[in-house]
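Enquirer: below is the sequence, then the predicted model.
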Amino acid sequence: MNNGTKTSDPGTTDPETTHFGYRDVPREEKARLVRGVFDSVAERYDVMNDLMSLGVHRIWKRHFVGTSGVTTGQQVLDLAGGTGDIATLLSKAVGQGGTVFLTDINEAMLGVGRRRLDDRGVVGNVRYAIANAEELPFAARHFDHVTIAFGLRNVTDKPAALREMHRVLRPGGTAHILEFSQVRPEPIRKLYDRYSFGLLPVMGRLVAGDPASYQYLAESIRKHPPQKELAAMMRDAGFERVHYRNLSGGIVAIHRGRRG
């Protein structure tokens, strides 16, 4: 088994391929493979998140939205919103005078999210759409904020997604990215690697009946651009005032950038 020491995609000389975990696959195949992962885990996704993070993911998400600056009456686009945790928090922040667009490329995940928000009574200011982050079906300069939590690493063309986030923001609007990142302290990194590649697939098999998908999720974290690299990618996409903050020793990081 891979020991998890890889951190980010070193790049490939073949423009026709990309990474799916630690495998190189044709670029046009990645979206289908990622869709298969989330089709498989959709119904147990939140349970697995609670188990994998010991519930800490909920603290990360509350902090992410609570420090976003989203206020009453604003228009917010939540990309790769999945089962609706971020959209639920955003709905409270914008109030009935604002709107949250909960989107995901995966119909199964979006369906779970819609049912859960309905069950929680989160209605009236949330709209739903199947959307590919690389080609958003929204007009330019429409949103005050764009959020994406634990979804960017699954996007095939991350620079394209960042450009689309920039395009749909109003001048002065902000993009917010919450994503697994590069753990900084070496002792924590070693423990994290053992946990990710030892326990996660086992938990995936026992709870979700799908160890392969959780092996992929562990690998996708290591292939995601580390903090400084992602910040540079945001600047290349046109964002200003780009900055990031590590949480839990860099297990996750929050990146933010403003459209000028």
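Expert: Everything's here; your move.

Enquirer: all helices of the stretch 151-260 of the chain, in order?
Expert: For the stretch 151-260 of the chain, the helices defined by DSSP state H, counting those that start in this stretch occupy 158-168, 186-194, 200-203, 211-223, 227-236.

Enquirer: and the ones you listed as a markdown table, adding mean neighbour count, mean pLDDT and distance to residue 127?
Expert: Just so you know, the C-beta spots here come from the backbone N, C-alpha and C atoms, and that holds for glycine as well. Putting these into a markdown table (neighbours: other CB atoms under 10 Å; pLDDT from 0 to 100; distance: least, CB to CB, whole Å) gives the following:
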| stretch | mean neighbour count | mean pLDDT | distance to residue 127 |
| --- | --- | --- | --- |
| helix 158-168 | 21 | 98 | 14 |
| helix 186-194 | 14 | 81 | 37 |
| helix 200-203 | 16 | 76 | 33 |
| helix 211-223 | 20 | 78 | 28 |
| helix 227-236 | 17 | 98 | 26 |
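
Enquirer: out of these, the one nearest residue 129 is which?
Expert: Across those, residue 129 has its closest neighbour in helix 158-168 (12.3 Å, CB to CB).

Enquirer: and the closest one, what does it pack onto?
Expert: Helix 158-168 makes packing contacts with strand 75-79, strand 143-149, strand 169-180, helix 227-236 when contacts are defined by 3 or more CB pairs under 8 Å, 6 or more residues apart in numbering; DSSP states H and E.

Enquirer: how far away is residue 114 from residue 239?
Expert: 30 Å (CB to CB, to the nearest Å).

Enquirer: who has more neighbours out of those two?
Expert: Comparing residue 114 with residue 239 by neighbour count (other CB atoms under 10 Å), the higher total belongs to residue 239, at 23 against 18.

Enquirer: for the more buried one, phi and psi?
Expert: When quoted as degrees, to the nearest 10, the phi and psi of residue 239 stand at phi -80, psi 150.

Enquirer: tell me how many other residues crowd the closest residue to it other than its chain neighbours.
Expert: Once its chain neighbours are removed from consideration, residue 239 has its nearest residue in residue 257; the separation is 3.0 Å (CB to CB, 6 or more residues apart in numbering). The burial metric for residue 257, expressed as a neighbour count using other CB under 10 Å, is 28.

Enquirer: okay, and the helix or strand of the chain with the least pLDDT?
Expert: The helix or strand of the chain with the lowest confidence, counting by mean pLDDT, DSSP states H and E, is helix 27-41 at a mean of 69.

Enquirer: surely residue 138 and residue 168 touch.
Expert: Yes. Distance between residue 138 and residue 168: 4.9 Å, which falls inside the contact criterion (CB atoms under 8 Å).

Enquirer: between these two, what contacts are shared?
Expert: When contacts are counted by CB atoms under 8 Å, 6 or more residues apart in numbering, residue 138 and residue 168 have residue 77 as shared neighbours.

Enquirer: and the helix or strand harbouring residue 118, what's buried?
Expert: For residue 118, the element it lies in under DSSP states H and E is helix 107-120. Of the residues in helix 107-120, those with enough neighbours to count as buried (16 or more other CB atoms under 10 Å) are 108, 109, 110, 112, 113, 114, 116, 117.

Enquirer: remind me what it packs against, helices and strands.
Expert: Here helix 107-120 is seen to pack against helix 27-41, helix 85-94, strand 99-104, strand 126-130 when contacts are counted using 3+ CB pairs under 8 Å, 6+ apart.
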